[in-house]
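what follows is a protein structure lacking sequence information:
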């Protein structure tokens, strides 16, 4: 069994800055992201699509279109090996939740989830890749 504590992915997660949790909003945001990830893991794309913002739902129109985009563009989110909530921050009036996904090969992928508040609560308005910090010898 691989010792993940010594893995480069784990070391990189330790180097990612942490941000304040933002109280109830932070818990709600983590809940929405977690529920969407759970829906992905059982291929319930209709449920996952419901956690997307109105803009994203308008852009993709159907859960099937959304599913194709996620499977093709974000396989590490669709089928994560590990998921880490690395910090929530406000930037320019937007709430960004930093996430770490370790894929099946042990590689770390960092993303900022752009969150917006809608009449249905917090929704995911986009997922943006973040370059992993360089690790020196």
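Received the coordinates, thanks. Small disclaimer: the values here were computed from a predicted structure and weren't measured.

which one is the spatially most central residue of the chain nearest to, not counting chain neighbours?
Per Cα atoms, centre = their mean, the C-alpha nearest to the average position across the chain is that of residue 99, at 4.8 Å. Nearest residue to residue 99, sequence neighbours excluded (Cβ to Cβ, 6 or more residues apart in numbering): residue 111, at 4.9 Å. (Each C-beta comes from the backbone N, C-alpha and C, glycine too.)

is that neighbour bridged to anything, and to what?
On the basis of DSSP bridges, residue 111 is bridged to residue 99, residue 129.

now for it, how many residues are close by?
21 (other Cβ atoms under 10 Å).

for it, give me its contacts.
Contact analysis of residue 111 by Cβ atoms under 8 Å, 6 or more residues apart in numbering lists 77, 98, 99, 101, 127, 128, 129, 130.

closest one of the residues you listed to residue 31?
Lowest distance from residue 31 to those (Cβ to Cβ) belongs to residue 99, with 13.6 Å.

report the separation between that closest one and residue 39.
To residue 39, residue 99 is 15 Å away according to Cβ to Cβ, to the nearest Å.

re the thing from before, and the pLDDT for the residue nearest to residue 99?
With respect to pLDDT, residue 111 has a value of 98.

OK, contacts around residue 28?
121, 122.

that one: what secondary structure?
Following DSSP: H, G, I helix; E, B strand; the rest coil, we place residue 28 in the helix state.
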